[in-house]
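>>> Quick one, structure for this:
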Amino acid sequence: MSNISNFVKRLRDIMRNDAGINGDAQRIEQIAWMLFLKVYDVKEQDWDIDEDNYESIIPENCRWSNWAVDDRSGSAMTGDTLLNFVNNTLFPTLKGLNITPETPIKKSIVRTTFEDANNYMKDGVLLRQVINVIDELDLSDYEESHAFGEIYESILKELQSAGSAGEFYTPRAVTDFMAQMIDPKVGEQMADFACGTGGFITSWLKQLEKKVKTTEDQAAYGTSIYGIEKKQFPYMLCITNMLLHGLDVPKVYHDNSLLKDVLDYTEDDQFDVILMNPPYGGSEKTEVKNHFPADLASSETADLFMSVIMYRLKENGRAAVILPDGFLFGTDNAKVAIKKKLFSEFNLHTVIRMPHSVFSPYTSITTNILFFDRTGPTKETWFYRLDMPEGYKNFSKTKPMKLEHFDPAVEWWKNRQEITIDGFDKAKKYTADEIVARTYNIDLCGYPHEEEEILPPKELIQQCQEKRASLNADIDRILAQITEILGIDLTEDEK
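As a prediction, the model looks like this:
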């Protein structure tokens with residue numbers, strides 16, 4: 001395909017003329033299911049050669065090479081014929097594929113990928129044009145396949161500005177930095193229990209690939225990942241991403257990580273490494289809390305995921321997790337219980353405070369990376385504030401965060417020292433006792449003199465609710481201490 005970098009623009013230009021496509025989110029979803037079928041078809045051709053008597057789970061008439069490929073003889077479906085086939089044959093067939101517990105993952109992913117997928121296009125001629133552009137990709141050619149991997153990254157980046165779909169994308173600079181500091185080892189298994197489009201998994205594989213030397217290493221590389229994604233669209237993007245990265249059996253599941261009792265997890269459910277950006281600010285059904293011990297049953301999604309992470313990290317395992325400021329300063333009962341468990345059973349050795357707007361334009365909430373391992377209780381925790389790079393006031397779509405912006409943190413990581421600038425701590429070490437004395441408020445080495453930022457209403461309300469809950473918890477605790485010292489029993493007055 002000539003000028004592969006023009007791929008997304010060509011598709012967008014065609015789809016703009018279709019009345020059924022409403023905005024970037026639908027446009028990207030439309031491209032996604034076609035890309036999946038194209039990539040899966042290339043994989044099936046390989047499996048057909050490598051395996052004796054390979055049988056596709058997709059009926060012959062629905063395989064990409066049998067309905068989508070245009071041999072320019074004039075026989076390819078187009079117009080209403082194509083539209084009718086896609087809507088009334090292809091989608092119902094793929095959504096209704098017979099799956100059993102014995103069905104191999106590489107086959108069952110076809111149905112799970114299409115369970116909630118949609119064809120938005122209403123013009124069969126334009127649909128034919130889009131299919132032809134996608135089919136021009138020669139994914140059997142190593143260089144072109146690799147180049148397309150880069151193009152796929154640009155498609156995923158577009159999610160940042162595609163309405164509500166933006167929640168699935170963590171900037172690649174952040175996932176790469178976290179994977180780099182975690183330092184994967186061949187033979188380890190990593191997990192992401194809300195994996196979105198597979199950003200952390202991709203960064204993990206990129207770091208691990210450098211250490212693959214033998215065929216045994218290669219086999220371990222292919223089975224080193226585990227992902228769960230609740231929403232169908234990012235799940236589809238993730239599966240395609242994994243197939244593009246050469247994982248024939250991507251262990252990524254369309255499921256909700258919060259719907260299992262955490263106390264039921266055994267060693268078989270645990271992993272060597274967990275890399276995650278848990279969804280935050282979200283709300284789950286009330287019954288979800290029933291899957292957690294009463295003291296850990298928070299109403300905040302990120303808190304619930306922290307509990308899942310702690311129950312599913314192996315002995316001596318390592319984790320790097322992104323959490324919002326609300327987790328750091330929160331002193332409501334559930335947050336304190338979660339942090340108490342974290343400090344008493346895990347070694348929270350490093351917290352990297354990230355600058356604001358890292359996740360812009362999706363959210364303005366400031367976030368942090370917590371690095372911890374399961375080697376025993378925390379003795380001391382280092383906090384490091386990563387400042388905005390010189391020349392940047394904000395990160396944005398046109399000026400996103402880059403991996404090199406983490407260089408100061410990487411340098412400091414190798415040679416840790418306390419740093420104070422203009423009377424404010426930039427890097428400082430705190431003992432576990434000091435943190436307990438702060439009632440686990442770990443909002444430390446924050447950003448001084450920050451201009452007040454006007455948040456979108458929903459985020460402003462969320463931040464106010466978190467701060468109110470934290471203040472109420474502080475007031476209740478202090479009142480309890482005062483009444484205890486004075487020997488006053490307030491329940492007597494109530495009688």
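
>>> The nearest residue to Asp183 once chain neighbours are set aside: neighbour count?
Nearest-residue entry for Asp183: Gln207, 7.3 Å, with adjacent residues in sequence omitted and distances by C-beta to C-beta, 6 or more residues apart in numbering. (Glycine included, C-beta is placed from N, CA and C.) Neighbour count for Gln207, taken as other C-beta atoms under 10 Å: 18.

>>> shouldn't Gln207 be in contact with Ala179?
Yes. Using C-beta atoms under 8 Å, Gln207 is in contact with Ala179, at 4.6 Å.

>>> What ranges in the stretch 101-250 of the chain fall below the confidence cut-off?
Applying pLDDT under 70 to the stretch 101-250 of the chain flags residues 142, 144-146, 157-168.

>>> so where do the helices sit in it?
105-114, 124-135, 142-158, 172-182, 199-209, 215-222, 232-244 (DSSP state H, counting those that start in this stretch).

>>> most tightly surrounded among those helices?
helix 232-244 (a mean of 25; mean count of other C-beta atoms under 10 Å).

>>> And the contacts of the next helix or strand after that one?
The helix or strand immediately downstream of helix 232-244 is strand 252-254, counting by DSSP states H and E. Identification of contacts with strand 252-254 by C-beta atoms under 8 Å, 6 or more residues apart in numbering yields 109, 112-113, 115, 195, 198, 201, 225-230, 232, 235, 238-239, 242.

>>> Following strand 252-254 in sequence, what is the next regular element?
Helices and strands here follow DSSP H and E; after strand 252-254, the next one along the chain is strand 271-276.

>>> now the angle from that next one to helix 172-182?
150 degrees (axes from the mean of the first three to the mean of the last three C-alpha atoms, to 10 degrees).

>>> For stretch 244-260, list every residue counted as buried.
244-245, 247, 250-254, 256-258 (16 or more other C-beta atoms under 10 Å).

>>> For the residue lying closest to Phe177 once chain neighbours are set aside, what are phi and psi?
In this structure, Phe177 finds its nearest non-sequential neighbour in Phe406, 4.4 Å apart by C-beta to C-beta, 6+ apart. When quoted as degrees, to the nearest 10, the phi and psi of Phe406 stand at phi -90, psi 0.

>>> Test my guess that Phe406 contacts Pro389.
No. Using C-beta under 8 Å, Phe406 is not in contact with Pro389; the gap is 9.9 Å.

>>> between these two, who's got more neighbours?
More crowded of Phe406 and Pro389, by other C-beta under 10 Å: Phe406, with 23 against 16.

>>> Could you dump the helices of the stretch 101-250 of the chain into TSV and include distance to Leu342?
Formatted as TSV, the helices of the stretch 101-250 of the chain follow (distance: least, C-beta to C-beta, whole Å):
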stretch	distance to Leu342
helix 105-114	33
helix 124-135	46
helix 142-158	31
helix 172-182	17
helix 199-209	20
helix 215-222	30
helix 232-244	27
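
>>> Ok, which of the ones you listed comes nearest Pro324?
Smallest distance to Pro324 across those (C-beta to C-beta): 13.7 Å, for helix 172-182.

>>> quick one, the closest one and helix 199-209 angle?
Using the same axes, to 10 degrees: helix 172-182 against helix 199-209 is 50 degrees.

>>> which residues make contact with helix 172-182 from outside it?
Helix 172-182 has contacts (C-beta under 8 Å, 6+ apart) with 153, 157, 190, 199-200, 202-204, 206-207, 273, 275, 277, 318, 320, 322, 354, 358, 369, 371, 400-403, 405-406, 409-410, 413.

>>> Now with 6 Å, please.
199-200, 203-204, 207, 273, 275, 318, 320, 401-403, 406 (C-beta atoms under 6 Å, 6 or more residues apart in numbering).

>>> again with stretch 393-409
Residues from elsewhere that reach stretch 393-409, judged by C-beta under 6 Å, 6+ apart: 161, 171, 173, 176-177, 352, 357-358, 360, 386, 389.
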